[in-house]
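Q: Just a sequence and a predicted model for now, questions to come.
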Amino acid sequence: TLPVVAVVGRPNVGKSTLVNRILGRREAVVQDVPGVTRDRVSYDADWNGRSFVLVDTGGWAPDAKGLAQQIAEQAEMAIAMADAVLLVVDGTVGTLDSDQAVVRVLRKSKKPVVLAVNKVDDQRTEAEASSMWNLGLGEPYPVSALHGRGSGDLLDAILDTL
Ligand code: GDP
Ligand code: MG
(Lines give C-alpha, C1' and ligand atoms only; values in the text may rest on other atoms or scores of the structure.)
(Ligands and ions follow the chains in the order given, each with its own letter.)
Protein backbone atom coordinates (compact mmCIF):
# COMPACT_ATOMS: atom_id res chain seq x y z
CA THR A 1 0.00 0.00 0.00
CA LEU A 2 1.11 3.53 -0.74
CA PRO A 3 2.30 5.92 1.95
CA VAL A 4 -0.26 8.55 2.96
CA VAL A 5 0.47 12.24 3.45
CA ALA A 6 -2.27 14.29 5.12
CA VAL A 7 -2.42 18.04 4.49
CA VAL A 8 -3.66 20.00 7.50
CA GLY A 9 -3.99 23.67 8.40
CA ARG A 10 -6.65 26.25 8.97
CA PRO A 11 -9.04 27.30 6.21
CA ASN A 12 -7.74 29.55 3.42
CA VAL A 13 -4.03 28.95 3.94
CA GLY A 14 -3.91 27.33 0.49
CA LYS A 15 -4.02 23.59 1.28
CA SER A 16 -6.09 22.71 -1.79
CA THR A 17 -4.02 24.97 -4.04
CA LEU A 18 -0.90 23.22 -2.76
CA VAL A 19 -2.47 19.81 -3.32
CA ASN A 20 -3.21 20.81 -6.93
CA ARG A 21 0.34 22.07 -7.33
CA ILE A 22 1.72 18.74 -6.11
CA LEU A 23 -0.68 16.77 -8.31
CA GLY A 24 0.13 18.93 -11.32
CA ARG A 25 -3.56 19.21 -12.05
CA ARG A 26 -6.62 20.97 -10.67
CA GLU A 27 -8.56 18.40 -8.73
CA ALA A 28 -8.79 19.74 -5.22
CA VAL A 29 -11.42 22.47 -4.94
CA VAL A 30 -9.95 25.87 -4.15
CA GLN A 31 -12.23 28.05 -2.06
CA ASP A 32 -12.12 31.79 -2.36
CA VAL A 33 -14.59 31.90 0.51
CA PRO A 34 -12.74 30.80 3.65
CA GLY A 35 -14.15 28.35 6.12
CA VAL A 36 -16.18 26.01 3.97
CA THR A 37 -15.81 22.70 5.77
CA ARG A 38 -15.59 19.70 3.50
CA ASP A 39 -14.84 16.04 3.84
CA ARG A 40 -11.32 14.87 3.28
CA VAL A 41 -10.44 13.80 -0.24
CA SER A 42 -7.59 11.50 -1.31
CA TYR A 43 -5.53 11.80 -4.47
CA ASP A 44 -2.79 9.67 -6.01
CA ALA A 45 0.40 11.69 -6.37
CA ASP A 46 3.90 11.08 -7.73
CA TRP A 47 7.22 12.79 -7.22
CA ASN A 48 10.56 11.67 -8.66
CA GLY A 49 9.07 8.32 -9.58
CA ARG A 50 7.64 7.66 -6.11
CA SER A 51 3.93 7.31 -5.54
CA PHE A 52 2.00 8.36 -2.47
CA VAL A 53 -1.51 9.31 -1.46
CA LEU A 54 -2.21 12.94 -0.67
CA VAL A 55 -5.19 13.73 1.56
CA ASP A 56 -6.71 17.21 1.45
CA THR A 57 -8.40 17.49 4.83
CA GLY A 58 -10.59 20.49 4.06
CA GLY A 59 -11.03 22.82 6.98
CA TRP A 60 -12.86 23.44 10.18
CA ALA A 61 -15.71 25.87 10.59
CA PRO A 62 -14.16 29.06 11.95
CA ASP A 63 -17.23 30.35 13.78
CA ALA A 64 -18.56 27.04 15.01
CA LYS A 65 -18.76 26.16 18.67
CA GLY A 66 -16.00 23.94 19.92
CA LEU A 67 -13.45 25.26 17.49
CA ALA A 68 -10.46 24.03 19.46
CA GLN A 69 -12.09 20.61 19.60
CA GLN A 70 -12.64 20.51 15.84
CA ILE A 71 -9.05 21.52 15.18
CA ALA A 72 -7.65 18.93 17.52
CA GLU A 73 -9.87 16.28 15.94
CA GLN A 74 -8.69 17.16 12.45
CA ALA A 75 -5.08 16.87 13.50
CA GLU A 76 -5.68 13.63 15.42
CA MET A 77 -7.45 12.16 12.40
CA ALA A 78 -4.58 13.13 10.13
CA ILE A 79 -2.04 11.62 12.51
CA ALA A 80 -4.04 8.42 12.80
CA MET A 81 -4.44 7.84 9.09
CA ALA A 82 -1.24 9.28 7.64
CA ASP A 83 2.41 8.25 7.47
CA ALA A 84 3.40 11.91 7.41
CA VAL A 85 1.59 15.19 8.02
CA LEU A 86 2.06 18.29 5.91
CA LEU A 87 1.13 21.35 7.99
CA VAL A 88 0.39 24.44 5.92
CA VAL A 89 0.50 27.93 7.41
CA ASP A 90 -0.04 31.28 5.68
CA GLY A 91 3.18 33.28 5.39
CA THR A 92 1.28 36.51 4.73
CA VAL A 93 -0.77 36.26 7.92
CA GLY A 94 1.56 34.41 10.26
CA THR A 95 0.28 31.95 12.81
CA LEU A 96 -2.98 32.29 14.68
CA ASP A 97 -4.22 30.53 17.84
CA SER A 98 -5.78 27.81 15.71
CA ASP A 99 -2.40 27.07 14.10
CA GLN A 100 -0.87 26.81 17.56
CA ALA A 101 -3.52 24.29 18.59
CA VAL A 102 -2.65 22.05 15.64
CA VAL A 103 1.07 22.47 16.30
CA ARG A 104 0.60 21.25 19.88
CA VAL A 105 -1.15 18.10 18.72
CA LEU A 106 1.41 17.44 15.98
CA ARG A 107 4.40 17.97 18.25
CA LYS A 108 3.06 15.33 20.62
CA SER A 109 2.66 12.79 17.83
CA LYS A 110 5.37 10.44 16.65
CA LYS A 111 4.49 11.00 12.99
CA PRO A 112 6.87 13.04 10.85
CA VAL A 113 5.63 16.57 10.18
CA VAL A 114 6.73 18.81 7.32
CA LEU A 115 5.97 22.52 7.67
CA ALA A 116 5.02 24.49 4.56
CA VAL A 117 4.79 28.28 4.78
CA ASN A 118 2.54 29.13 1.86
CA LYS A 119 1.85 32.35 -0.07
CA VAL A 120 5.54 33.21 -0.07
CA ASP A 121 5.09 34.50 -3.62
CA ASP A 122 8.33 36.47 -3.65
CA GLN A 123 11.53 37.16 -1.75
CA ARG A 124 9.95 39.85 0.42
CA THR A 125 7.85 37.40 2.41
CA GLU A 126 10.68 34.94 3.04
CA ALA A 127 11.58 36.43 6.43
CA GLU A 128 8.12 35.48 7.65
CA ALA A 129 8.86 31.88 6.69
CA SER A 130 12.09 31.86 8.73
CA SER A 131 10.20 33.04 11.80
CA MET A 132 8.24 29.76 11.68
CA TRP A 133 11.27 27.92 13.07
CA ASN A 134 9.80 28.92 16.43
CA LEU A 135 6.88 26.51 15.94
CA GLY A 136 9.32 23.75 16.86
CA LEU A 137 8.47 21.60 13.84
CA GLY A 138 11.84 21.82 12.16
CA GLU A 139 12.68 23.59 8.94
CA PRO A 140 9.91 25.78 7.51
CA TYR A 141 9.64 25.36 3.73
CA PRO A 142 8.58 28.59 2.02
CA VAL A 143 6.30 27.89 -0.94
CA SER A 144 3.94 29.61 -3.30
CA ALA A 145 1.31 27.05 -4.18
CA LEU A 146 -0.09 29.57 -6.63
CA HIS A 147 3.13 30.06 -8.59
CA GLY A 148 5.01 26.85 -7.78
CA ARG A 149 7.84 28.55 -5.93
CA GLY A 150 9.62 26.15 -3.52
CA SER A 151 7.39 23.17 -4.22
CA GLY A 152 10.26 20.94 -5.37
CA ASP A 153 12.20 21.35 -2.13
CA LEU A 154 9.01 20.79 -0.16
CA LEU A 155 8.25 17.58 -2.03
CA ASP A 156 11.81 16.33 -1.51
CA ALA A 157 11.38 16.95 2.23
CA ILE A 158 8.05 15.12 2.32
CA LEU A 159 9.40 12.11 0.43
CA ASP A 160 12.43 12.01 2.76
CA THR A 161 10.09 11.30 5.68
CA LEU A 162 8.34 8.35 3.99
P1 GDP B 1 -7.56 25.96 1.76
O2 GDP B 1 -8.84 26.42 2.41
O3 GDP B 1 -6.46 25.89 2.77
O4 GDP B 1 -7.70 24.70 0.98
O5 GDP B 1 -7.12 27.13 0.75
P6 GDP B 1 -7.37 27.22 -0.83
O7 GDP B 1 -6.40 26.35 -1.57
O8 GDP B 1 -8.82 27.03 -1.12
O9 GDP B 1 -6.89 28.74 -1.12
C10 GDP B 1 -7.49 29.83 -0.42
C11 GDP B 1 -7.14 31.12 -1.17
O12 GDP B 1 -5.73 31.37 -1.07
C13 GDP B 1 -7.49 31.09 -2.66
O14 GDP B 1 -7.98 32.36 -3.04
C15 GDP B 1 -6.13 30.81 -3.31
O16 GDP B 1 -6.04 31.30 -4.62
C17 GDP B 1 -5.18 31.57 -2.38
N18 GDP B 1 -3.81 31.01 -2.42
C19 GDP B 1 -3.46 29.71 -2.31
N20 GDP B 1 -2.11 29.55 -2.42
C21 GDP B 1 -1.60 30.81 -2.62
C22 GDP B 1 -0.26 31.31 -2.82
O23 GDP B 1 0.74 30.59 -2.84
N24 GDP B 1 -0.15 32.66 -2.96
C25 GDP B 1 -1.22 33.49 -2.94
N26 GDP B 1 -0.99 34.81 -3.09
N27 GDP B 1 -2.49 33.05 -2.77
C28 GDP B 1 -2.68 31.72 -2.61
MG1 MG C 1 -9.29 23.45 0.76
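A: Arrived safely, thanks for sending. Ligands and ions are numbered 1, 2, ... in the order given.

Q: The helix or strand of the chain with the lowest mean pLDDT - contacts with which helices or strands?
A: Least confident helix or strand of the chain, by mean pLDDT, DSSP states H and E, is helix 67-81 with a mean of 82. Judged by 3 or more CB pairs under 8 Å, 6 or more residues apart in numbering; DSSP states H and E, the packing partners of helix 67-81 are strand 4-8, strand 84-90, helix 97-108. The way it works is simple: take the backbone N, C-alpha and C, and place the C-beta from them, glycine included.

Q: Name the next helix or strand downstream of the helix or strand hosting residue 127, please.
A: Assigned by DSSP states H and E, residue 127 falls within helix 126-130. Downstream of helix 126-130, the next assigned helix or strand under DSSP H and E is strand 140-142.

Q: Neighbouring strands - and their directions - for that next one?
A: strand 113-118 (parallel) (DSSP bridges).

Q: Report the contact partners of the closest residue to residue 120 other than its chain neighbours.
A: Sequence neighbours aside, residue 142 is the residue nearest to residue 120 in space, at 3.9 Å (criterion: CB to CB, 6 or more residues apart in numbering). Listed by CB atoms under 8 Å, 6 or more residues apart in numbering, the contact set of residue 142 reads 91, 117, 120, 125, 126, 129, 149, 150.

Q: Go again with 10 Å.
A: Contact analysis of residue 142 by CB atoms under 10 Å, 6 or more residues apart in numbering lists 91, 116-121, 123, 125-130, 132, 149-150, 153-154.

Q: Which pLDDT value belongs to it?
A: Reading off the confidence values, residue 142 has pLDDT 98.

Q: picking up where we left off before, what about the least confident helix or strand of the chain, near ligand 2?
A: No - on the criterion CB under 5 Å from the ion, helix 67-81 is out of touch with ligand 2, staying 12.1 Å away.

Q: Would you mind listing the buried residues in that helix?
A: With burial defined by 16 or more other CB atoms under 10 Å, the residues of helix 67-81 counted as buried are 67, 70, 71, 72, 74, 75, 78, 79, 81.

Q: Not counting sequence-adjacent ones, nearest residue to residue 102?
A: residue 75 (4.8 Å).
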